[in-house]
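In: Could you look at this predicted model? Sequence included:
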Amino acid sequence: EVQLVESGGDLVQAGGSLRLSCAASGFTFDDYTYGWFRQAPGKEREGVSCIRTSDGKTYVADSVKGRFTISADNAKEQVYLQMNSLKPEDTAVYYCAAGTGWGPDDDYDYWGQGTQVTVSS
């Protein structure tokens, strides 16, 4: 069974940090690109960051550049999103996704259930 399970979401004060984790199972981890997306109430889904595990290529959205870092541990089959200097506008449900393409606008094949990140001012 294909699964992506996110964890690490929490309530944090502005300026704080969180690390989101995404555990993948049920498919060949190394064959996929992984993306972190977020969706706030009343807003469209936004591609935050993605990583291609085959060569480590990464993408980071301008809105989080310099604050968020994506990484992957192929041995553990996990993807991480380190989020620093959090702002209230980062509040959203964060989703992990896996696909065979590249980039924040591509179609992803598998999605997790999401984890809530809330940043208080």
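Out: Sure thing, it's come through. Numbers count the residues shown, from 1 in each chain.

In: C-alpha only now, for contacts and for neighbours.
Out: Fine.

In: pLDDT of stretch 87-97, averaged?
Out: The average of the pLDDT scores along stretch 87-97 is 98.

In: Check the separation of the first and last residues in it.
Out: For stretch 87-97, the separation between the terminal residues is 23 Å (CA to CA, to the nearest Å).

In: May I see the buried residues of that stretch?
Out: 87, 90-97 (16 or more other CA atoms under 10 Å).

In: wait, which of these is closest to T33?
Out: A97 (8.3 Å; CA to CA).

In: Which residues are in contact with G42?
Out: For G42, no contacting residues are found, by CA atoms under 8 Å, 6 or more residues apart in numbering.

In: do the same with Y108
Out: So Y108 contacts 97-101 (CA under 8 Å, 6+ apart).

In: Same check on G103?
Out: G103 touches 35, 50, 59, counting by CA under 8 Å, 6+ apart.

In: Just among those residues, which is most surrounded?
Out: G35 (31 neighbours; other CA atoms under 10 Å).

In: so how far is G47 from that residue?
Out: 7 Å.

In: list the contacts for the closest residue to L20 other than its chain neighbours?
Out: If the residues on either side of it in the chain are set aside, L20 comes closest to G8, at 4.5 Å by CA to CA, 6 or more residues apart in numbering. Taking CA under 8 Å, 6+ apart, we find G8 in contact with 18-21, 115.
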